[in-house]
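Asks: fold the following.
(chains A and B)
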Protein chains: 2
Amino acid sequence: MRPENGHQARLLRLLRDGGPQSRAELGEAVELSKSKVAIELDRLAELGFVETAGLAASRGGRRSHVVALAGSLRFVGIDIGATSIDVAITDGELRLLSRVSAPADVREGPNTVLDQVLDLVGKARADGAAPEVHGVGVGVPGPVSQRDGAPVVPPIMPGWNHFPVRDTLGAALGAPVMVDNDVNIMALGELHAGTARSVRDLLFVKIGTGIGCGIVVGGEVYRGVTGCAGDIGHIQVDDTGASSPVCTCGNAGCLEAWFGGAALARDAEAAARSGRSVWLAERLQQRLAEGSGPLTAADVGVAAETGDPVAVGLIRDGGHRLGQVLASLVSFFNPGLVVIGGGVAGLGHQLLAEVRSVVYRRSLPLATGNLPIVLSELGGTAGVIGAARLVSDSVLSTA
Amino acid sequence: MRPENGHQARLLRLLRDGGPQSRAELGEAVELSKSKVAIELDRLAELGFVETAGLAASRGGRRSHVVALAGSLRFVGIDIGATSIDVAITDGELRLLSRVSAPADVREGPNTVLDQVLDLVGKARADGAAPEVHGVGVGVPGPVSQRDGAPVVPPIMPGWNHFPVRDTLGAALGAPVMVDNDVNIMALGELHAGTARSVRDLLFVKIGTGIGCGIVVGGEVYRGVTGCAGDIGHIQVDDTGASSPVCTCGNAGCLEAWFGGAALARDAEAAARSGRSVWLAERLQQRLAEGSGPLTAADVGVAAETGDPVAVGLIRDGGHRLGQVLASLVSFFNPGLVVIGGGVAGLGHQLLAEVRSVVYRRSLPLATGNLPIVLSELGGTAGVIGAARLVSDSVLSTA
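Replies: Here you go, the predicted model:
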């Protein structure tokens, strides 16, 4: 089902983003006469998109009917990460109704991983949360061709190149599917439900295993001409030669090679093995004894919280380099908000302090005057909410 | 005069950008029925926007009337630089009908400079090129508030802060006026008449006394939340400390402090005085003898053309640093085209070679695969054409 014209599409988005509203309020927002709005809303009710939700409080004249998105509307948001899958069911307003997660390894290829995805979708729907599904949004950790609904040469997703993720899931779930890069869907999640709700131009920086940036221009995700805009993990930070770490991309000194989750884990391991950090050395012993694998970026966060100076130094150095990159991007893009999210963002306020210090010093005052730089408040849900938003944008439009 | 609805506005822009077209072609482009298009075009003719220009070649049926923008439509494009003013009169399709220039010093303040501007507009109109003016576009070398039509804290324009440029020129010329940053209007000029005609997402890099970047997203100039997007001159290139030149902004190592026209002139002077470059030393002697002022960036260009190794080295070093910044921006923005213009772009192909070498090596292959990096072909006319385009976008719209 689809709205039949632009007015209907606008009405549906207003209801999605603003919740139940009176016919009068909706009419004012879309600048249509009372009778025209009534016609479009009646048609949307016939199509099953909206329903009447009682009478509004009086505004002086006759009380207006309150309209809401149909209570039966369901979207599925899927966030496929490098090492985990998150699945959520939302209602039409993209509120979470159920959510399930599982560890996964994206390197096992699309057949294995999409089977896991379908299994999780089944679990999320098991309690009757979504008898029918009206759209499915999917985020994957790599570049995506919007046209094909498939990853394109994704560096950390062996076997996924040009795999028809959209068509495969669409056939299995019998609903429209939209696929995008994980950072873009997180930016959309922030735009819909996070700090960014009222902002139209913003940057969402994800620091996970790698580092990427979602760019929102005029309330829409900007993807660039080949869909790889926001790939800031491979911006070179230092050009000092020999001491720069070599990146998975083959160049040296990329931001991600200094400060992605993988880089932090590498530096933590080195600090533990050399004994420079007693805390990390003990944690490593413990992990080895438990067989729980090598140190991770999260260990650095815990160490820093306990005041371990080596861990604090790693976060400050990384934050400084991230700040250098962001200072350039703020001068270039002049955003209204910068949100930092992803696993490594759990490093918290020491990271934020360092990033802010560099950006506010290095970017032009005109660009930073009213620029908030904040940590994401959505945590793990930005991805699934954003994925649901992605497909709802499509389902609630005419084209 | 204004178009009365969105269809009329779209028809006018099609005629501006595509030249005379048959009613049938226009109808297909705006997806309106024959009769609807005829009604809108008749109304536009009544308003004085369009005129009939004969019959189109037969496409099998009855021959369709060719429609063109009214031959009497006139826009004025004004490009106020740091040291010169350019003024042009264009027709509705933004073709140059007359053009005049004069040296000027923007530091003399708005009253003096705008008097010069009005004088030049008078000269440009003197031959009867524009009995009536339908819109005036203005570029200034500093940040501009679109809302106020005035510069905002422009660093190199003392006395211009919040000066009502739009309202002053509007009152004097009796036509709608739009004001923008000079780099943005040059980007618009490229979009209208340059290499960028078919591109929707692009970067226009101006290297003049300072360095700035015009950002085009989806065929429109992106200005950022406070209107200062594209200020790449103050992106820090090296963080190596003591050896970095101090910038006019107070920070050290800004791109502009390394490679703007002022920086190049400074380095040329040093190379001449130390005798490192015999060619530049002779040029300096000559200039002193003539009383023609200190060495300029243009001297470096001439020296490089004659093969002076110091001058070639200056251009290569500068191109390398510009390339580092552009490599980051290409990874971030994934544009379809990068155009380099402005006075220092006259340094030509040695500069271009160095920039390309760094960008193609440092940005991701997915972002650079089909990315042309070219020198502007419009030269000095990008600014005035873009200024005319700026105001025509406004005059040919409903709002």
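
Asks: next, count neighbours for A:Gly194.
Replies: Using other C-beta atoms under 10 Å in any protein chain shown, A:Gly194 is surrounded by 26 other residues. (Glycine included, C-beta is placed from N, CA and C.)

Asks: neighbours of the residue lying closest to it once chain neighbours are set aside, how many?
Replies: Nearest residue to A:Gly194, sequence neighbours excluded (C-beta to C-beta, 6 or more residues apart in numbering or on different chains): A:Leu378, at 4.7 Å. Neighbourhood size, A:Leu378 [other C-beta under 10 Å]: 20.

Asks: doesn't A:Gly341 make contact with A:Leu378?
Replies: Yes. Using C-beta atoms under 8 Å, A:Leu378 is in contact with A:Gly341, at 7.2 Å.

Asks: between those two, which contacts overlap?
Replies: Each of A:Glu190 lies in contact with both A:Leu378 and A:Gly341 under the rule C-beta atoms under 8 Å, 6 or more residues apart in numbering or on different chains.

Asks: specify the local secondary structure of A:Ser139.
Replies: One correction, residue A:139 is Gly, not Ser. Following DSSP: H, G, I helix; E, B strand; the rest coil, A:Gly139 is assigned to strand.

Asks: so what pairs up with it in the strands?
Replies: A:Asp79, A:Asp180 (DSSP bridges).

Asks: that one contacts A:Ala382, doesn't it?
Replies: No. Using C-beta under 8 Å as the test, A:Gly139 is too far from A:Ala382 to be in contact (9.7 Å).

Asks: so for the two, which residue has more residues nearby?
Replies: A:Ala382 (33 against 28).

Asks: find the nearest non-adjacent residue to that one, please.
Replies: A:Gly189 (3.6 Å).

Asks: who touches that neighbour in this structure?
Replies: Taking C-beta under 8 Å, 6+ apart as the test, what A:Gly189 contacts is A:Leu378, A:Thr381, A:Ala382, A:Gly383, A:Val384, A:Ile385, A:Gly386, A:Ala387, A:Arg389.

Asks: correct me, but the last one touches A:Leu191?
Replies: Yes. Contact criterion C-beta under 8 Å: A:Arg389 and A:Leu191 qualify, at 7.4 Å.

Asks: number of nearby residues for A:Ala187?
Replies: Neighbours of A:Ala187 (other C-beta under 10 Å): 32.

Asks: quick check: which element contains it?
Replies: For A:Ala187, the host element (DSSP states H and E) is helix A:182-193.

Asks: from the middle of its chain, how far away would that helix be?
Replies: 4 Å (C-alpha atoms, centre = their mean, to the nearest Å).

Asks: what of stretch A:270-284?
Replies: 33 Å.

Asks: how about stretch A:205-223?
Replies: 8 Å.

Asks: list the buried residues of that stretch.
Replies: Residues of stretch A:205-223 classed as buried by neighbour count (16 or more other C-beta atoms under 10 Å in any protein chain shown): A:205-217, A:221-223.

Asks: just these: which are in strands?
Replies: Mapping the buried residues of stretch A:205-223 onto strands (DSSP state E) picks out A:Val205, A:Lys206, A:Ile207, A:Ile211, A:Gly212, A:Cys213, A:Gly214, A:Ile215, A:Val216, A:Val217, A:Val221.

Asks: between those residues, which is nearest chain B?
Replies: A:Val217 (5.5 Å; C-beta to the nearest C-beta).

Asks: skipping adjacent residues, who's closest to the residue in the stretch 251-399 of chain A that chain B sits nearest to in space?
Replies: Residue nearest to chain B within the stretch 251-399 of chain A: A:Asn334 (2.4 Å; C-beta to the nearest C-beta). Once flanking residues are discounted, A:Asn334 sits nearest to B:Gly224: 2.4 Å by C-beta to C-beta, 6+ apart.

Asks: how many other residues sit next to that neighbour?
Replies: Neighbours around B:Gly224, by other C-beta under 10 Å: 22.

Asks: need the pLDDT of it.
Replies: Per-residue confidence (pLDDT) for B:Gly224: 92.

Asks: isn't it right up against A:Val330?
Replies: No. Contact criterion C-beta under 8 Å: B:Gly224 and A:Val330 do not qualify, at 9.3 Å.

Asks: the residue in the stretch 1-150 of chain A that chain B sits nearest to and A:Gly27: what is the separation?
Replies: The nearest approach of the stretch 1-150 of chain A to chain B comes at A:Pro143, 6.1 Å away (C-beta to the nearest C-beta). From A:Pro143 over to A:Gly27 the distance is 42 Å, taken as C-beta to C-beta, to the nearest Å.

Asks: quick one: low-confidence residue ranges for chain A.
Replies: Along chain A, the model assigns pLDDT under 70 to residues A:56, A:58-61, A:239-242, A:344-346.

Asks: how about residues contacting the helix or strand harbouring A:Gln285?
Replies: In the assignment (DSSP H and E), A:Gln285 maps to helix A:278-290. Helix A:278-290 has contacts (C-beta under 8 Å, 6+ apart) with A:268-269, A:271-273, A:275, A:293-295, A:299-300, A:302-303, A:306, A:308, A:310-311.

Asks: report the buried residues of that helix.
Replies: In helix A:278-290, counting by 16+ other C-beta under 10 Å, buried: A:Trp279, A:Leu280, A:Ala281, A:Arg283, A:Leu284, A:Arg287.

Asks: now it: how far from the chain's centre is it?
Replies: That offset, for helix A:278-290, works out to 33 Å (C-alpha atoms, centre = their mean).

Asks: and the helix or strand just after it, how far out from the chain's middle?
Replies: Using DSSP H and E, the helix or strand that follows helix A:278-290 towards the C-terminus is helix A:297-305. Distance of helix A:297-305 from the chain centroid (C-alpha atoms, centre = their mean) equals 23 Å.

Asks: what inclination does helix A:297-305 have with respect to helix A:278-290?
Replies: 140 degrees (axes from the mean of the first three to the mean of the last three C-alpha atoms, to 10 degrees).

Asks: can you pull the buried residues of the helix or strand following helix A:297-305?
Replies: Of the helices and strands lying after helix A:297-305 in sequence (DSSP H and E), the nearest is helix A:309-333. Under the neighbour-count criterion of 16+ other C-beta under 10 Å, helix A:309-333 has A:310-312, A:314-316, A:318-333 buried.

Asks: helix A:309-333 vs strand A:211-217, what angle?
Replies: Using the same axes, to 10 degrees: helix A:309-333 against strand A:211-217 is 30 degrees.

Asks: so what strands line up beside the next helix or strand after helix A:309-333?
Replies: For helix A:309-333, the succeeding helix or strand toward the C-terminus, using DSSP H and E, is strand A:337-341. Its sheet considered, strand A:337-341 pairs with strand A:202-207 (parallel), strand A:373-375 (parallel) by DSSP bridges.

Asks: any chance you could list what contacts strand A:337-341?
Replies: A:186-187, A:190, A:194-196, A:199, A:202-207, A:326, A:330, A:351-352, A:355, A:359, A:371-376, A:378-379, A:382.

Asks: before we move on, the earlier item: contacting residues around the residue nearest to A:Gly194?
Replies: A:Gly189, A:Glu190, A:Ala193, A:Gly194, A:Gly341, A:Ile385.

Asks: where's it relative to B:Ala9, distance?
Replies: Counting by C-beta to C-beta, the gap from A:Leu378 to B:Ala9 is 40 Å.

Asks: make a PyMOL selection of the buried ones in the contacts of helix A:278-290.
Replies: Only the buried members of the contacts of helix A:278-290 end up in this PyMOL selection, burial being decided by 16+ other C-beta under 10 Å:
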select buried, chain A and resi 268+269+271+272+295+299+300+302+303+308+310+311
